[in-house]
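Student: Prediction below, plus the sequence it came from.
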Amino acid sequence: MATPIPASTPPGLKRVRLGAFAVTTLRDADAMIDGPWPIVGEDRPRAEIQALMRENSLPETRFKPGFTPTLVQTGRQTILFDTGNGEVGFIPRPAGGRLARLLEQAGLSPEMIDIVVLTHCHTDHIGGLLESGTPLFPNARYVVGTREFAFWSDDARLAAAEDGNEHKSARIFRSHLLPLADRIRFVKPGDSVAPGIDALAAFGHTPGHLAFHVESEGERMLIWGDCAHHEVASLARPDWHALFDMEKSAGAATRRTIYDMAATDRVLVAGYHTSFPSLGYVSRDGLGYRWISLTYQLDR
């Protein structure tokens, strides 16, 4: 039986049907930040990225990324992909950390989440696991990549510069995720998270970063986590290095592979850092790709 979708949707939420599944994206943060250089194109001259922004009628030095967890209701289980910034992530409150309030607006309580899936363990994906030191999702089981968990469990991560993303993520991993270890199921590419939901390799942004294929009644979606940090620059120039990629060459190779898959298969994509509603499609465009944001394609 298909999960019902309410007729109206509050701001900060976008609901669509995927076969018998209901998919909701949730805008955890809403802030303009500096960029996209060097977040995208750190290995290129700043002027080159600014020229690409001008060509696309976008600001040259500021942008508004998405920070967008995705909720999939299968009819049997309610599954949340990533948990946003919480109290400790990249975008602080009040601009970020809105997930709990958005779940309430979606008609759900945190107790109703059955599975929390983490694409990777950066702070803006795991920061929402706790609220005031208490697990926000008391009844949930957790899914994390085996390789990802092992990487962040290594105390060498704490040796990184204290003002950097690696050190901060390592600390938040220990405070927010490690205490939940007895409720974690570890997966590798090819493993099933739930019926119709399978893990895909997307290594590079972090060493164990995963994407997820979602399918119901022949309709498909790709949840790609942080395979793009900007819906123009990342796709038009997938070989440009990304500041927050921990393995630069692997991240670029993954972008090529994932974008080509999305374009070839013409699947709906949930891109965590693309502009809200963070849903769209990918098409080939010269030597790169183009993001086509979801508007009315799935209206029925």
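Tutor: Alright, I've got the coordinates.

Student: Which residue ranges of the stretch 201-300 of the chain form strands?
Tutor: Applying DSSP state E, counting those that start in this stretch to the stretch 201-300 of the chain gives strands spanning 210-216, 219-223, 268-270, 279-285, 288-293.

Student: Would you mind giving those strands as JSON lines with mean pLDDT added?
Tutor: As requested, the strands of the stretch 201-300 of the chain are exported to JSON lines (pLDDT from 0 to 100):
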{"stretch": "strand 210-216", "mean pLDDT": "98"}
{"stretch": "strand 219-223", "mean pLDDT": "98"}
{"stretch": "strand 268-270", "mean pLDDT": "98"}
{"stretch": "strand 279-285", "mean pLDDT": "98"}
{"stretch": "strand 288-293", "mean pLDDT": "98"}
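
Student: Tabulate the ones you listed (a markdown table), appending mean neighbour count.
Tutor: All C-beta atoms are positioned from the backbone trio N, CA, C, and that covers glycine. Below are those laid out as a markdown table (neighbours: other CB atoms under 10 Å):
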| stretch | mean neighbour count |
| --- | --- |
| strand 210-216 | 23 |
| strand 219-223 | 22 |
| strand 268-270 | 26 |
| strand 279-285 | 18 |
| strand 288-293 | 18 |
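
Student: Ok, which of those strands comes nearest residue 231?
Tutor: Closest of those to residue 231 is strand 288-293, at 3.9 Å (criterion: CB to CB).

Student: that older thread, is it possible to export the strands of the stretch 201-300 of the chain to JSON lines including distance to residue 184?
Tutor: Listed next are the strands of the stretch 201-300 of the chain as JSON lines, based on distance: least, CB to CB, whole Å:
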{"stretch": "strand 210-216", "distance to residue 184": "14"}
{"stretch": "strand 219-223", "distance to residue 184": "19"}
{"stretch": "strand 268-270", "distance to residue 184": "22"}
{"stretch": "strand 279-285", "distance to residue 184": "28"}
{"stretch": "strand 288-293", "distance to residue 184": "32"}
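
Student: Relative to residue 244, which of these is closest?
Tutor: Comparing these against residue 244 with CB to CB, the closest turns out to be strand 210-216 (16.1 Å).

Student: Name the strands paired with the closest one and say parallel or antiparallel.
Tutor: Sheet partners assigned to strand 210-216 using DSSP bridges are listed as strand 197-201 (antiparallel), strand 219-223 (antiparallel).

Student: Would you state the helices of the stretch 201-300 of the chain in chain order?
Tutor: Ranges of helices within the stretch 201-300 of the chain are 233-236, 248-265, based on DSSP state H, counting those that start in this stretch.

Student: One more: the stretch 51-200 of the chain?
Tutor: According to DSSP H, counting those that start in this stretch, the stretch 51-200 of the chain carries its helices in the segments 99-105, 123-126, 146-153, 165-172.
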